[in-house]
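# The following block contains a protein sequence and its predicted model.
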Amino acid sequence: MERQVQSELVIRISSSPCNAVFHGENVYGATSIPVDSLDTSLVQKVILQFDNPAGCDLLVAKLFEFFDSRDWSTLRYVSLHQCYYNEVLPQNVVDGDGRRAADIMKRIIALIPSVNGLRLSCKDWCLGRDGRLDEILGQRAATLNELSFDQLQPFDLSRLALPSLTVLDIGSDIIGNVDTVLPQLYMKALRKLTLQSVTKQQFVSLFSDKTGAVSVFSELEYLDLIFSSDENEDMEIDDPQHAGIFSFPKLRYLHICNHRAELRYFFQNFIPSPLARLRFYGRCGYMKDIDFSVFGQLEEISISRCFLQLDEAAEIHRRVVTAGIPLRLVSLGLNCYPGLPYIKPTGCSLVRKYATAAVMDAVQLSETLVQMPLVFRFAFKYHSMNTGSVTIEEIVNTLANADMSPLNSKLEVLQALGSQNIASIGVNSLSTELAEMISVIARLPMLQILEISTDPVECELLLKRVMDEFQSRGLGQELSHFGSLQIINSY
């Protein structure tokens, strides 16, 4: 039988009433491949997926035989997944699976010296005595490059020293004293750090220099922090001593999720960093005082669920869109507010995708699109002070006397959200608000999708009637894109 070569291998582990079985499949799970036909010489990543309780030592023996008999010279990363949940199973069955999984992991690490990455995703298992990961890793801890944990698995990492670790992802809550829970980390090696549930004080305690010197993450490029709340810690207090205690000279990606902590001083540690991507989720009122122009390499900024006062949100919005930085993607809390005042963007000529909670009418929309000639997706709050309706003949007359030259825009998708009056469409008439929007999209020949608060079928028919009437008067083909424009209801 011809052997099949693949770089990633999923080994699904399950048991039947008769015996334990396992099989290999490609990483996307599209096809199952008998393990005997697998050429593992080029496999770089193995995922051990426990689909349901194995409960059989035969499984371990079969897996040991499989790994012992194959070439794993290129294997770098092993991931262990518990894919069932302990709701009704006896604890001894679950604990047995955990011990077997630990034995399998120890065997792989001992057998294959090239393995330098490990992920553990197991809710109920206890891997090793008291969750001590050092018993599984052994001497391999000294050369381990990547370590990742699932959200709910408690591990004691305090006995680990990981001098070569470049990637650390901890999804579980960090409970208690971080010095007795987390491993010894070497900031000069870390390139990517994700802490999905840590308090601000724990982060400071873990990484700040005990002598008072600045702690330098000299190689860190990616930092993802989800700040949790500690009932014993007053998260509202912002300590001025938290400013200037860290340095991130190579940091390119920063994500902060925060619901209670005040980070005004803490965030100052990132201002000198060469950030390219910046994401905020949750409380971020401190951003109203940030001069975003200092981030001269920032290409993407996203702010969502920010729980701000309207004046704070407006000031942050103003500072972002007038900073004159090379932004490509801007997303400013589109669904957080009923509407922010319009602010004309400046220095946003490189933006490709733009979403804002700012309210614009048709004139302001045109003005903004001119400032962003490369934008292909644009979302905003649409509103017009004008009410009432116009006939199809009247809108065609308006277009016939208007400047129909195409805007300098590559816009393909326009999301005009939040309108209250635009849905008013009759057999031969349309709302004034929709008519004003038509005057803008008439000058956007590359537009393919319009998301708007109206009935899609009626709107598409109406646009076609406007196009046909316009062309029947011999006024040209400027509205030909109306015939293929897709309308999506934004309700």
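Arrived safely.

# show me what contacts the residue nearest to residue 263 when sequence neighbours are not counted?
Nearest residue to residue 263 in three dimensions, chain neighbours excluded: residue 286, at 5.7 Å (CB to CB, 6 or more residues apart in numbering). The C-beta positions use only the backbone N, C-alpha and C, and glycine is treated the same way. Contacts for residue 286 (CB atoms under 8 Å, 6 or more residues apart in numbering) come out as 238, 262, 263, 264, 267.

# a markdown table for those residues, including pLDDT, distance to residue 407 and neighbour count?
Shown next, in a markdown table, are the contacts of residue 286 (pLDDT from 0 to 100; distance: CB to CB, whole Å; neighbours: other CB atoms under 10 Å):
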| residue | pLDDT | distance to residue 407 | neighbour count |
| --- | --- | --- | --- |
| 238 | 68 | 45 | 16 |
| 262 | 75 | 43 | 18 |
| 263 | 85 | 40 | 24 |
| 264 | 85 | 40 | 18 |
| 267 | 91 | 38 | 21 |
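
# Return the helix or strand in the chain with minimum mean pLDDT.
strand 20-25 (a mean of 44; mean pLDDT, DSSP states H and E).

# which SSE is residue 263 in?
Assigned by DSSP states H and E, residue 263 belongs to no helix or strand.

# In this structure it contacts residue 256, no?
Yes: shown here, residue 263 and residue 256 form a contact pair, counting by CB atoms under 8 Å, at 7.1 Å.

# overlap in contacts of those two?
Joint contacts of residue 263 and residue 256 (CB under 8 Å, 6+ apart) are 227, 284.

# and the closest residue to residue 240 other than its chain neighbours, how many residues sit next to it?
In space, and not counting its chain neighbours, residue 240 is closest to residue 265: 5.2 Å by CB to CB, 6+ apart. Residue 265: 16 surrounding residues under other CB atoms under 10 Å.

# Can you name the residues that contact residue 265?
So residue 265 contacts 238, 239, 240, 241, 242, 243 (CB under 8 Å, 6+ apart).

# Correct me if wrong, but the fourth one is in a helix.
Yes: with DSSP: H, G, I helix; E, B strand; the rest coil as the criterion, residue 241 is located in a helix.

# do you know how far the closest residue to it other than its chain neighbours is from residue 64?
Closest residue in space to residue 241, ignoring its immediate chain neighbours: residue 265 at 7.7 Å, by CB to CB, 6+ apart. Counting by CB to CB, to the nearest Å, the gap from residue 265 to residue 64 is 54 Å.

# Where does the prediction get shaky in the stretch 151-300 of the chain?
Judged by pLDDT under 70, the stretch 151-300 of the chain has its weakly predicted residues at 151-156, 172-184, 229-238, 261.

# make it 80
151-160, 171-186, 197, 202, 205-206, 210, 228-239, 259-262 (pLDDT under 80).

# need the helices for it, in chain order.
Remark: helices assigned in the stretch 151-300 of the chain by DSSP state H, counting those that start in this stretch are 200-207.

# Please apply the same query to the stretch 351-491 of the chain.
Going by DSSP H, counting those that start in this stretch, the stretch 351-491 of the chain shows helices at 362-371, 392-400, 432-441, 456-472.
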